[in-house]
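Novice: coords below, sequence missing:
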């Protein structure tokens, strides 16, 4: 059964969190549970949920602080949040909504009402903010929004275009059942590396079948790019059979040999160039990515 979406329940009361996990799992959702606010932030960085049910009263940090952190981080700012609390005061609701919460429900709650609120919130985001269903990364609409923001900001940024080479031969040999695992692993490793070497405002998007985008505000973007390529080279082999790993290629049904997957990267930055529009950003980054390794590059572009 295809999942209806990924929900993160942030609740320190085991009885409530377990009930929500069982109920929403039965409704076809993938459900993760975090008993503390810090756990919620860690889980969210590792794998973006499509919705967060967030209790305000938590043992380490309150739900308001968790919401504030999520809203101030570019990669998590779009995730809908439903506050879950025992408080029923107007001031508490206003405080939560001012922080960017999407909804608010008070304990004890009607589970059917919560189910409808969850469904409506996820449907609304799916309509407004297109997410790739395989990686749960922002797709075309959100990427375009980020590009338009780049044209307005005075901050220094680097736009990175990444492509999985020889992804189509892999799909042809291993069928389309295996390819989502590759895409999900790429999304995961990119998230880990951006967390390590990027900034909280960095953005990761899935632009197409084998195309990804990273926008970073790091002062030194090259280590981030290099590590993505390095990690990809190390981890991609696990998706192949032992025989294909040993011979370093796959054999298509027609007998043609194709190399294993690799990652190519190209980048442009406003630190070294002005851009007339968002199309110029994407085209120059793609041009840098397509340039053979070791070939001369303009000082405004980099390619690996």
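Specialist: Cool, got the structure. What you see is a predicted model; the values in this text were computed from it and never measured.
Novice: Return the residues in contact with residue 215.
Specialist: By CB atoms under 8 Å, 6 or more residues apart in numbering, residue 215 lies in contact with 146, 150, 157, 158, 159, 160, 202, 203, 205. Quick note: C-beta positions are derived from backbone N, CA and C, even for glycine.
Novice: So which of these are in helices?
Specialist: Filtering the contacts of residue 215 for membership in helices, criterion DSSP state H, returns 146, 150.
Novice: And the contacts of residue 215, which is closest to residue 227?
Specialist: Checking the contacts of residue 215 against residue 227 with CB to CB, the nearest one is residue 160 at 11.9 Å.
Novice: Who does that closest one form a beta bridge with?
Specialist: Following DSSP bridges, residue 160 is listed with bridge partners residue 214, residue 267.
Novice: And it, what's its pLDDT?
Specialist: We have a pLDDT of 98 for residue 160.
Novice: Near residue 259, how many other residues are there?
Specialist: By the measure other CB atoms under 10 Å, the count of residues near residue 259 is 11.
Novice: Next: residue 234.
Specialist: Residues near residue 234, counting by other CB under 10 Å: 10.
Novice: coming back round to it: turn the buried ones among the contacts of residue 215 into a named PyMOL selection, would you?
Specialist: Selecting the buried subset of the contacts of residue 215 in PyMOL, with 16 or more other CB atoms under 10 Å as the burial test, is done by:
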select buried, resi 146+150+157+158+159+160+202+203+205
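Novice: any low-confidence regions in the stretch 151-300 of the chain?
Specialist: Scanning the stretch 151-300 of the chain for pLDDT under 70 picks out 293-300.
Novice: Quick one: the helices in it, in order.
Specialist: Assigned helices in the stretch 151-300 of the chain, in chain order: 167-197, 222-235, 242-247, 278-290 (criterion: DSSP state H, counting those that start in this stretch).
Novice: Switch those helices over to JSON lines; also include distance to residue 79.
Specialist: Below are those laid out as JSON lines (distance: least, CB to CB, whole Å):
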{"stretch": "helix 167-197", "distance to residue 79": "14"}
{"stretch": "helix 222-235", "distance to residue 79": "23"}
{"stretch": "helix 242-247", "distance to residue 79": "37"}
{"stretch": "helix 278-290", "distance to residue 79": "24"}
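Novice: How far off centre is stretch 205-220?
Specialist: Here stretch 205-220 is found 10 Å from its chain centre; the criterion is CA atoms, centre = their mean, to the nearest Å.
Novice: cool, stretch 37-56 as well?
Specialist: Here the centre of stretch 37-56 is set off from its chain's centre by 13 Å, with CA atoms, centre = their mean.
Novice: in it, what's buried?
Specialist: For stretch 37-56, a neighbour-count test (16+ other CB under 10 Å) marks 37-41, 43-45, 47-56 as buried.
Novice: just stretch 187-194 next, same as before
Specialist: Within stretch 187-194, the residues that qualify as buried are 187, 189, 190, 191, 193, 194, counting by 16+ other CB under 10 Å.
Novice: Not counting its own residues, what contacts that stretch?
Specialist: 45-48, 75, 135-137, 162, 202, 204, 206, 212, 214, 216, 224, 227-228, 231-232, 235.
Novice: rewinding a little: quick one: which of the buried residues of stretch 187-194 is nearest residue 84?
Specialist: For the buried residues of stretch 187-194, the closest approach to residue 84 (CB to CB) belongs to residue 191, at 26.0 Å.
Novice: Distance check, that closest one against residue 4.
Specialist: As judged by CB to CB, to the nearest Å, residue 191 and residue 4 stand 22 Å apart.
Novice: ok so, going back, in ChimeraX, how would I select just the buried ones from the contacts of stretch 187-194?
Specialist: Only the buried entries of the contacts of stretch 187-194 go into this ChimeraX selection, using 16+ other CB under 10 Å:
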select :45,47,48,75,135,136,137,162,202,204,206,212,214,216,224,227,228,231,232
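Novice: what's the span of stretch 30-42, first residue to last?
Specialist: Using CA to CA, to the nearest Å, one end of stretch 30-42 lies 17 Å from the other.
Novice: oh sorry, the question was meant for stretch 123-135
Specialist: Stretch 123-135 stretches 17 Å from its first residue to its last (CA to CA).
Novice: and that stretch, how far out from the chain's middle?
Specialist: Mean-position distance between stretch 123-135 and its chain equals 11 Å (CA atoms, centre = their mean).
Novice: got a list of what the residue nearest to residue 221 when sequence neighbours are not counted touches?
Specialist: Distances taken as CB to CB, 6 or more residues apart in numbering place residue 158 nearest to residue 221, at 4.1 Å, with adjacent residues excluded. Applying CB under 8 Å, 6+ apart to residue 158 gives the contacts 215, 216, 217, 218, 221, 267, 268, 269, 271.
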